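[1] what's the 3D shape of this:
(one chain, ligands or ions: 2)
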Amino acid sequence: MEQIQNIYRVVNNEKLCPQFWRLSFDAPLLVKKVQPGQFVHVRTAEGLEPFFRRPFSVYRAQRYMEIFYEPIGPGTRLLTSKQKGDTIDVLGPLGTPFVLPPQGIQQVVMISGGIGIAPMLILSDVLKKKNYDLILLYGGRTRSHVYPMKEFKDNGVKVHIATDDGSAGNKGRVSVLFDKIKFNPESTFIYTCGPNPMMKAVQDFANKNGLKGQAACEEVMACALGACLGCSIETKHGYKTVCYDGPAFDLDEVLFH
Ligand SMILES: Cc1cc2nc3c(=O)[nH]c(=O)nc-3n(C[C@H](O)[C@H](O)[C@H](O)COP(=O)(O)OP(=O)(O)OC[C@H]3O[C@@H](n4cnc5c(N)ncnc54)[C@H](O)[C@@H]3O)c2cc1C
Ligand code: FES
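    Ligands and ions are numbered 1, 2, ... in the order given. The predicted structure is shown next:
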């Protein structure tokens with residue numbers, strides 16, 4: 001797929017909760033092209049530090065492109081200083097998108113940990129048009145990692161929350177929420193994104209219960225174009241790049257370490 005590198009106008013950059021921010025920029029062509037599960041590669045600095053672009057899942061693509069981020073290092077901290085009217089240098093859309101649920105699926109369960117919620121909103125924007133029963137199981141470390149998730153609810157998504165310390169929702173990892181759902185191998189499809197140990201737990205659960213799904217993987221990236229092989233991960237079919245072959249893979253394909 002053809003990528004566009006361009007400078008865009010920031011239209012909003014806001015803190016949604018103590019840990020997470022959302023940045024919107026005006027990129028009509030990107031909005032038209034992008035598919036759920038794809039990402040953009042963002043130059044976060046005006047100068048040379050950090051040198052490499054940083055990858056961000058596309059959170060939403062409606063009137064504007066939106067990314068959802070957690071300031072955890074130099075690049076994402078710099079992003080918090082962007083204001084309406086500033087510019088941002090973005091390359092995208094990149095990567096292989098999620099596949100849509102196969103025929104016969106009635107229930108879609110999105111399972112996310114922390115910033116792994118980012119690719120799920122655009123996914124729910126697409127899936128809501130197909131009348132699936134949409135469910136989000138979200139795990140955050142503390143209540144600082146939980147925000148209202150209004151846009152999911154507006155899309156008809158039933159949201160269940162767990163936090164490690166029990167400060168919001170159920171206490172424990174996101175897997176404590178598995179009991180809340182009646183999974184059916186014939187009619188349920190899973191999408192997951194989050195830390196590798198979480199996705200491994202989702203994969204184990206899916207394998208045990210005969211469920212199929214897709215996982216959006218993350219790796220540290222340099223080129224984001226499939227050239228440097230720096231983001232390779234191990235799969236049942238050998239090493240594959242997250243930036244080009246992924247981020248979306250069949251859930252049972254990835255060997256999570
Ligand atoms: C396909 C893809 C989509 C992503 N989507 C989002 C998103 O929507 N929102 C968001 O906030 N972040 C997302 N990330 C992660 C984000 O790009 C990185 O955390 C980025 O490195 C942050 O830049 P930084 O300069 O702030 O911190 P850095 O200094 O680059 O990183 C801070 C710390 O996180 C570690 N780290 C960096 N990247 C990763 C990774 N992929 N996995 C595990 N540890 C890592 C570093 O080793 C370091 O210890 C995504 C990553 C990928 C590959
Ligand atoms: S980051 Fe270079 S191949 Fe993926």
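
[2] residues near the closest residue to ligand 1 within the stretch 151-257 of the chain, how many?
    Closest to ligand 1 within the stretch 151-257 of the chain is Glu218: 3.8 Å, counting by Cβ to the nearest ligand atom. Placement of C-beta: from N, CA and C, glycine included. Counted with other Cβ atoms under 10 Å, residues neighbouring Glu218 total 21.

[3] Ligand 2 versus that one, what's the distance?
    The gap separating Glu218 from ligand 2 is 11 Å, by Cβ to the nearest ligand atom, to the nearest Å.

[4] Now do the contacts for that residue.
    Pro55, Gly116, Cys193, Val242, Pro247 (Cβ atoms under 8 Å, 6 or more residues apart in numbering).

[5] redo that, cut-off 10 Å
    Neighbouring residues of Glu218 by Cβ atoms under 10 Å, 6 or more residues apart in numbering: 39, 55, 57, 115-116, 118, 193-196, 199, 231, 233, 242, 246-247.

[6] Quick one: buried ones out of the residues you listed?
    Neighbour-count burial (16 or more other Cβ atoms under 10 Å) is assigned, among those, to 39, 55, 57, 115-116, 118, 193-194, 196, 199, 231, 233, 242, 246-247.

[7] Tell me the secondary structure at Leu29.
    Assigned by DSSP: H, G, I helix; E, B strand; the rest coil, the conformation of Leu29 is helix.

[8] For the spatially most central residue of the chain, what are phi and psi?
    Most central in the chain under Cα atoms, centre = their mean is Pro119, positioned 2.7 Å from the mean C-alpha point. Backbone torsions of Pro119, given as degrees, to the nearest 10, read phi -80, psi 0.

[9] Buried residues, stretch 125-145. List them.
    Under 16+ other Cβ under 10 Å, the buried positions of stretch 125-145 are 125, 127-128, 132-140, 143, 145.

[10] Restricted to strands, list the residues you listed.
    Asp133, Leu134, Ile135, Leu136, Leu137, Tyr138, Gly139, Gly140 (DSSP state E).

[11] For the fifth one, name its beta-bridge partners.
    Just to be clear, that refers to Leu137. Judged by DSSP bridges, the bridge partners of Leu137 are Ile111, His160.

[12] Would you map the helices across the stretch 101-250 of the chain?
    In the stretch 101-250 of the chain, helices defined by DSSP state H, counting those that start in this stretch lie at 120-127, 150-154, 196-209, listed in chain order.

[13] mind putting those in TSV, distance to Glu253 and mean pLDDT included?
    Shown next, in TSV, are these (distance: least, Cβ to Cβ, whole Å; pLDDT from 0 to 100):
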stretch	distance to Glu253	mean pLDDT
helix 120-127	19	98
helix 150-154	27	96
helix 196-209	10	96
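
[14] got TSV for these, with distance to ligand 2 too?
    TSV is the format used below for the helices of the stretch 101-250 of the chain (distance: least, Cβ to the nearest ligand atom, whole Å):
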stretch	distance to ligand 2
helix 120-127	21
helix 150-154	29
helix 196-209	17
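
[15] and among these, the most buried is which?
    Comparing these by mean neighbour count (mean count of other Cβ atoms under 10 Å), helix 120-127 ranks first with a mean of 23.

[16] so what secondary structure elements neighbour it?
    With contacts defined as 3 or more Cβ pairs under 10 Å, 6 or more residues apart in numbering; DSSP states H and E, the packing partners of helix 120-127 are strand 54-57, strand 60-61, strand 65-69, strand 107-113, strand 133-140, helix 150-154, strand 188-193, strand 212-216.
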